[in-house]
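**Student:** With the input below, show me the fold.
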Amino acid sequence: MPENAPSPPAQGRTVRDATFDVFRRRGLTRLFANPGSTEVPFLTDLPGDFDFVLALHEGSVVGLATGYALGRGAPSLALLHTTAGLGNGVSAIATARVNRAPVVILVGQQDRRHIAYEPFLTGRLAGLAGDYPVRVEQPVRAQDVPAAVERAFHAAATERGPALVIVPMNDWEAAPDDEREPAAAQGDIVRAVAVAPEVVDSLAAFLDGARSPALVVGAGSDDAAARAALVALAERLSAPVYQEAFGARAGFPHDHALFAGLLPAGRPGLRERLAPYDALLVVGCPAFRQSFYAPGRLTMPGTRIALVTEDPEEAYRSPAELAVLASPASVCSALATRVAARAASPPSPFRPPDAPEPPADGEPLRASHVLAALAERLPADAVVLEEAPVDRPELQERMPASQPFGYLSAAMGGLGFAVSGATGMRLALPERPVVAVIGDGSTVYGIQGLWSAAHYRVGVLFVVLSNGGYAIMDRLAENHGGAPPWPSFAEVELATVARGFGCPARRITTFGELTGALDEIVPTLARRAEPLLLDVVVAPTEAFGP
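**Tutor:** Predicted coordinates for the structure are as follows:
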C-alpha cells in the first residue's frame, strides 16, 4: 500500500469519529451545509448531538455561518461541496473575511485513491477562494484530518476569518492514528488583553499634546467592553467621535452626546470634516476607509494619526505615526484613566433628520418613509442588518446604533449577505430582535436564504425596499455623467418569490399598510418564531453621495 494512502475502513473508530470529537470539544456542533455526493460519507447518520442546518445555495451556507459566528463571538462550522460549492461560496467567504467572522469550512473532495486521474467532481480547490481564507488545510493523510480541523479552528479564532479544510471523501472511513502525539493547536486559545504601561503612556502623550483631538471608531470596537471604554475616553477628552465610512459595524453608541456622525467616504469630504482636529485616534478600523478615489491627501497637513487595532492588516494600510496592535477595550480603558481631563465644551451632537411627512394620496412611498417608520418603532436592542446600498447613508443617519450589533453590513461590498446573515445572527442571538433592511436587487442575490429562515423558524423581519431596479447603479451612472444601459426590473415581485420559498410575505404599497404592519410586527420581534418579509414598494431614491 502506498505510504500516503488511507488505511482500510476500520471496524471500530474512524477518522470521522475522531473529527466529530474535535468538533464537540471546539463547540462546533451546528453545521451549516449544502451537501453534495463527496460529503455523503461524512454526513450519513450524523450523530444526534449535531444540528444540521440546510441552505439552498452555498452563498447562503457561508452567510448563515458568518452571521452565526459574529453573533456568538466564536467560530462556526460550514460544509461546501468541492469546486461548485466552494466556487459559489467565494463571495460570501470574502465577506466573512472582511467582516472578521471566524468560520471553519469543510470542503469535500473526490476519493483520494484516484484524484490523480481527475475523475468527475475532482476539485482544484486550494487556490479557488484566493487569499480570502486565513488558512487552507489539505491533509496529506486521512489520519491528519482531525489535526487539520484543529489548526483551522485555531486560525479562524486567532485571525478572525474563514479557514478551509479540504477532505477527500474516503478519508472519513479510515482508521485514525490515536497513538500519535497531540495535534498542533489543539489546546485552548487565550487572547491576552493586558497593555504595557509604556504603550498607554505613548498614546496618552499623543492625545495630551493635541490642541483639538477627535476619535474615529469602527467595526473592531463594536462590543460592550470596547464601547464602554471608548465612552469613558471620549468623555474624559470631551472629544467628538466619528464612525468610519463603509464600516461593517458601529463602534460607538450613536445616541451618545459625543457622537459626531459618519465620516465621508471620499477624500475631499474627509479632509474637510477632519480639518478642525490636529490629532486623530483611530480605534478598530483602518485610517481611513474610502469608496471612490479622489486626488489629494486623506487629512490636512499637520494632522497626526494614531491607531489601535487587533488586525495587523489594518495597521499595514494606515498612514499612522503610531499603531498599537492590541485589544481596543483594554487600550482605551487604560487610556481613559491616563489622559488629562479636558474642560472644553463638548462638540455639537449628531442629530438624526426629522421624519418626512407621509406621502399625499397618490404619491409613492419613499425609502425615507420606511426608514423613519422603522426608527420610530425599533427597540434599542434591535440588531439591524443593512444591504440597501443607495439608502445606506440615510439608514445610518435615521437609525442610531446604540448597542453592539445595532448596525451590521457586508463590509466587502458584495451583495447577497443580509438574508442569510440575519438568519444566522438570530440563531446566535435568539433573545434579540433582528431586522434586515435590504434592497430588492440585493435580496435577489441571497433569496435562497429565506427557505432556511422559514424551515428552521427563525423570526427575522426582512424589510425589502423594492424600487424596481439597481438604483445605486443608476445614480452612480448619472454622477459619472451618462446614461445606464441596464433596464429596471419592476415586474419582480419579491413577496411572491418569498412565499414560493416558504417564507411568509406581504406586499406593501401605502403608508397606512406600512405603519400598520410595523405596529403589528415590531412588538413581537424578540419572541417571533416565524420570519416575515415585507416587500415595500418605494420610488427610487433620487440622489446618492457616499
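**Student:** Run through who's touching stretch 153-163.
**Tutor:** Contacting residues not belonging to stretch 153-163 are listed as 22, 26, 28, 62, 74-75, 93, 96-97, 100-105, 129, 132-137, 151-152, 185, 189, 191, 310-311 [CB atoms under 8 Å, 6 or more residues apart in numbering]. For every residue, glycine as well, the C-beta is placed using N, CA and C.
**Student:** buried stuff in it?
**Tutor:** By neighbour count with 16 or more other CB atoms under 10 Å, stretch 153-163 contains the buried residues 153-157, 159-163.
**Student:** do the same with stretch 312-324
**Tutor:** Judged by neighbour count (16+ other CB under 10 Å), stretch 312-324 contains these buried residues: 314-315, 318, 320, 323-324.
**Student:** Now do it, average pLDDT.
**Tutor:** Stretch 312-324 shows a mean pLDDT of 92 in the predicted model.
**Student:** Determine the number of other residues adjacent to G36.
**Tutor:** 19 (other CB atoms under 10 Å).
**Student:** Which residue, other than its chain neighbours, is closest to it?
**Tutor:** Nearest residue to G36, sequence neighbours excluded (CB to CB, 6 or more residues apart in numbering): H81, at 3.0 Å.
**Student:** residues contacting that neighbour?
**Tutor:** With CB under 8 Å, 6+ apart, H81 has these contacts: 34-39, 58, 107-108.
**Student:** Now tabulate the buried residues of stretch 153-163 in TSV and tack on pLDDT and distance to F120.
**Tutor:** Formatted as TSV, the buried residues of stretch 153-163 follow (pLDDT from 0 to 100; distance: CB to CB, whole Å):
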residue	pLDDT	distance to F120
F153	96	31
H154	95	34
A155	95	31
A156	97	31
A157	95	36
E159	93	34
R160	93	36
G161	96	31
P162	98	27
A163	98	27
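**Student:** Next step: those residues restricted to strands.
**Tutor:** Among the buried residues of stretch 153-163, DSSP state E puts 162-163 in strands.
**Student:** how about V390, what does it touch?
**Tutor:** 367, 439, 467, 471-472, 475, 540-541, 544.
**Student:** just checking, A279 touches L207?
**Tutor:** Yes. Contact criterion CB atoms under 8 Å: A279 and L207 qualify, at 6.3 Å.
**Student:** which of the contacts of H81 sit farthest apart?
**Tutor:** Using CB to CB, those span at most 14.8 Å, a distance reached by S37 and E58.
**Student:** what helices or strands is whichever strand or helix holds V62 leaning on?
**Tutor:** Taking DSSP states H and E as the definition, V62 sits inside helix 58-72. Judged by 3 or more CB pairs under 8 Å, 6 or more residues apart in numbering; DSSP states H and E, helix 58-72 is in contact with strand 30-33, strand 76-80, helix 82-98, strand 103-109, helix 418-428, helix 449-455.
**Student:** among those, which is nearest A498?
**Tutor:** Closest to A498 of the helices and strands packed on helix 58-72 is helix 449-455 (CB to CB; 5.3 Å).
**Student:** by contact count, what packs against the closest one?
**Tutor:** Here helix 449-455 touches strand 51-54, helix 58-72, helix 418-428, going by 3+ CB pairs under 8 Å, 6+ apart.
**Student:** Take those and write them to TSV, including distance to S409, mean neighbour count and mean pLDDT.
**Tutor:** Output for those, formatted as TSV (distance: least, CB to CB, whole Å; neighbours: other CB atoms under 10 Å; pLDDT from 0 to 100):
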stretch	distance to S409	mean neighbour count	mean pLDDT
strand 51-54	23	15	98
helix 58-72	12	30	97
helix 418-428	8	31	98
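**Student:** so which of these comes closest to L494?
**Tutor:** Nearest to L494, of all those, is helix 418-428, at 10.7 Å by CB to CB.
**Student:** Need the residues that contact the very next helix or strand once past that closest one.
**Tutor:** For helix 418-428, the following helix or strand on the C-terminal side (DSSP H and E) is strand 434-439. With contact meaning CB under 8 Å, 6+ apart, strand 434-439 is reached by 370-371, 374, 378, 382-391, 395, 418-419, 421-422, 425-426, 459-465, 467, 471-472, 525.
**Student:** Which members of these occur in helices, if any?
**Tutor:** Cross-referencing the contacts of strand 434-439 against helices under DSSP state H gives 370-371, 374, 395, 418-419, 421-422, 425-426, 471-472.
**Student:** what separates G481 from G266, distance-wise?
**Tutor:** For G481, the distance to G266 equals 17 Å [CB to CB, to the nearest Å].
**Student:** do G161 as well
**Tutor:** Using CB to CB, G161 is found at 28 Å from G266.
**Student:** residues near R432, how many?
**Tutor:** When neighbours are counted by other CB under 10 Å, R432 registers 18.
**Student:** Next one: it relative to Q403, how far apart?
**Tutor:** Counting by CB to CB, the separation of R432 from Q403 is 9 Å.
**Student:** got it, and L43?
**Tutor:** As for L43, its distance to Q403 is 38 Å (criterion: CB to CB).
**Student:** who's more crowded, the two?
**Tutor:** In this view L43 and Q403 are compared by other CB under 10 Å, and Q403 has more residues nearby, 20 against 17.
**Student:** hang on, the earlier thing: looking at the buried residues of stretch 312-324, spot the one nearest T509.
**Tutor:** Closest to T509, out of all of the buried residues of stretch 312-324 and judged by CB to CB, is E314, at 44.0 Å.
**Student:** ok so, going back, so can I have JSON lines of the ones in helices among the contacts of strand 434-439 showing distance to V231?
**Tutor:** Listed next are the ones in helices among the contacts of strand 434-439 as JSON lines, based on distance: CB to CB, whole Å:
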{"residue": "V370", "distance to V231": "31"}
{"residue": "L371", "distance to V231": "26"}
{"residue": "L374", "distance to V231": "25"}
{"residue": "L395", "distance to V231": "23"}
{"residue": "A418", "distance to V231": "29"}
{"residue": "V419", "distance to V231": "33"}
{"residue": "G421", "distance to V231": "27"}
{"residue": "A422", "distance to V231": "27"}
{"residue": "M425", "distance to V231": "24"}
{"residue": "R426", "distance to V231": "27"}
{"residue": "A471", "distance to V231": "36"}
{"residue": "I472", "distance to V231": "34"}
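**Student:** Now for A55: which residues touch it?
**Tutor:** With contacts defined as CB under 8 Å, 6+ apart, the neighbours of A55 are 32-34, 61, 63-64, 420, 448-449, 451-452.
**Student:** With respect to P286, which of those residues is nearest?
**Tutor:** P286 lies nearest to G63 out of the contacts of A55, by CB to CB, at 24.0 Å.
**Student:** ok, for the closest one, nearest residue in space, not its chain neighbours?
**Tutor:** S420 (3.0 Å).
**Student:** can I assume that neighbour is in contact with Y68?
**Tutor:** No. Using CB under 8 Å, S420 is not in contact with Y68, being 9.7 Å away.
**Student:** Show me what counts as buried in the helix-or-strand element of the chain with minimal mean pLDDT.
**Tutor:** None of the helices or strands of the chain scores lower by mean pLDDT, DSSP states H and E than helix 471-479, at a mean of 85. Of the residues in helix 471-479, those with enough neighbours to count as buried (16+ other CB under 10 Å) are 471-472, 474-476.
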